[in-house]
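**Student:** coordinates only, sequence not included:
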């Protein structure tokens with residue numbers, strides 16, 4: 001029985017991904033042990049923040065780093081940093097930025113909702129998000145037309161939530177930022193490559209600690225030393241409300257140390273998903289195939305397309321029954337309204353794909369059995 005079941009909660013099988021709503025990652029035992037040890041001792045938090053920054057810099061190739069409570073906190077803190085810098089009066093004034101340059105320019109297709117709105121995270125840091133172009137088409141000229149004396153930064157969002165077509169590439173955003181002497185902030189929350197964006201010329205890059213890295217609920221900002229110093233300074237202001245604890249910092253650093261020697265397990269995950277897709281194709285009204293992550297990451301999921309008439313009910317009903325069972329099975333449902341469900345292998349524990357298959361078979365049997373062989 002898991003710790004959660006001991007408190008009366010249902011067992012959850014996470015086939016959705018490294019999702020905040022499901023607790024992000026199940027950490028490695030070494031990470032959990034490090035967090036437990038950190039929780040039972042004391043540390044000078046200022047020293048810990050700076051030491052963590054040096055280790056984050058080593059892992060990312062940046063000049064410095066700043067741990068955060070999560071990637072969303074990283075957005076707010078980064079925004080506050082580019083507005084207030086290390087000026088304590090301004091730090092204490094935020095999020096009231098009246099009279100200060102406070103506009104952050106983003107492509108319209110990147111102004112997404114990831115469980116909360118990007119615009120709200122920027123506003124928490126005192127910024128005003130300015131959307132350039134259109135949801136399906138942004139030209140460089142759209143972005144450039146919004147740059148003025150009130151602009152403090154450009155923002156680039158690398159996410160499966162963002163529009164993938166018709167947007168300007170990272171290189172365009174970097175070129176514009178450098179041309180106008182503005183910092184470029186990259187939200188790379190769930191990205192796997194910890195060095196690419198700094199190497200490309202981004203000034204601040206934000207990652208989640210609990211997504212690809214496999215750490216606890218946490219995050220970090222890496223980038224230029226002066227901007228990271230300003231990020232740390234925000235813990236005397238808006239950052240205080242989103243401070244990160246000693247246990248999470250140590251868990252994050254332990255996960256980072258493991259991450260550099262990681263084996264993504266992509267080949268084994270793909271094998272497991274190929275088996276599951278083959279089995280699901282035996283069920284009426286379901287067409288399953290293995291597909292790569294829409295943002296191009298080395299992640300291969302089962303895509304299940306539901307034929308409502310042949311299956312007996314729509315994808316949304318499959319989702320409801322999967323999530324409502326015991327154990328509760330959470331799939332990736334961004335396209336359920338289009339009849340598509342995805343199964344993500346990364347968070348699955350050993351043999352859980354067989355439990356998922358058994359539940360699919362139970363639901364199918366309640367509506368008329370399997371395909372004839």
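**Tutor:** It's in. This structure is a prediction, so every number in the text was calculated from the model and none was measured.
**Student:** And residue 215, how close does it get to residue 249?
**Tutor:** Using CB to CB, to the nearest Å, one obtains 10 Å as the distance from residue 215 to residue 249. Any C-beta I mention is one placed from the backbone N, CA and C, and that applies to glycine too.
**Student:** More neighbours: these two, which one.
**Tutor:** Per other CB atoms under 10 Å, whichever of residue 215 and residue 249 has more neighbours is residue 215, with 31 against 26.
**Student:** The residue nearest to that one when sequence neighbours are not counted: which element?
**Tutor:** Closest residue to residue 215 apart from its sequence neighbours, by CB to CB, 6 or more residues apart in numbering: residue 255 at 3.2 Å. Element membership for residue 255 (DSSP states H and E) is helix 246-259.
**Student:** ok now the following helix or strand past that helix, how far from the chain's centre?
**Tutor:** Using DSSP H and E, the next helix or strand after helix 246-259 towards the C-terminus is helix 266-280. The chain centre lies 24 Å from the centre of helix 266-280; the measure is CA atoms, centre = their mean, to the nearest Å.
**Student:** quick one: average confidence on helix 266-280?
**Tutor:** Regarding helix 266-280, the rounded mean pLDDT is 93.
**Student:** now stretch 309-317
**Tutor:** Stretch 309-317 comes out at a mean pLDDT of 92.
**Student:** what's it in contact with?
**Tutor:** For stretch 309-317, contacts defined as CB atoms under 8 Å, 6 or more residues apart in numbering pick out 283-286, 304, 306, 308, 318, 333, 336-341, 364, 367-368.
**Student:** change it to 10 Å
**Tutor:** 283-287, 304-308, 318, 320-321, 331, 333, 335-341, 363-364, 366-368, 371 (CB atoms under 10 Å, 6 or more residues apart in numbering).
**Student:** Looking at the residues you listed, which are in helices?
**Tutor:** Of these, the ones assigned to helices by DSSP state H are 308, 318, 320, 321, 363, 364.
**Student:** which ones are touching the first one?
**Tutor:** Spelled out, it's residue 308. Applying CB under 10 Å, 6+ apart, the residues near residue 308 are 285, 314, 315, 316, 317, 318, 339.
**Student:** swap in the third one?
**Tutor:** Applying CB under 10 Å, 6+ apart, one finds that residue 320 lies in contact with 313, 314, 336, 363.
**Student:** ranges for the strands of the stretch 151-300 of the chain?
**Tutor:** Ranges of strands within the stretch 151-300 of the chain are 151-157, 184-187, 204-208, 219-223, 286-292, 300-306, based on DSSP state E, counting those that start in this stretch.
**Student:** Next, find the distance separating residue 151 from residue 97.
**Tutor:** Residue 151 is 13 Å from residue 97, by CB to CB.
**Student:** Also residue 47?
**Tutor:** 31 Å.
**Student:** So between these two, which is more surrounded?
**Tutor:** Between residue 47 and residue 97, counted using other CB under 10 Å, the more crowded position is residue 97 (21 against 9).
**Student:** That one in helix, strand or coil?
**Tutor:** coil (DSSP: H, G, I helix; E, B strand; the rest coil).
**Student:** Was I right to think it contacts residue 237?
**Tutor:** No. Counting by CB atoms under 10 Å, residue 97 stays clear of residue 237, with 11.6 Å between them.
**Student:** Any chance you could list residues touching both of those two?
**Tutor:** The contact lists of residue 97 and residue 237 share 80, 84, 90, 125, 126, where a contact means CB under 10 Å, 6+ apart.
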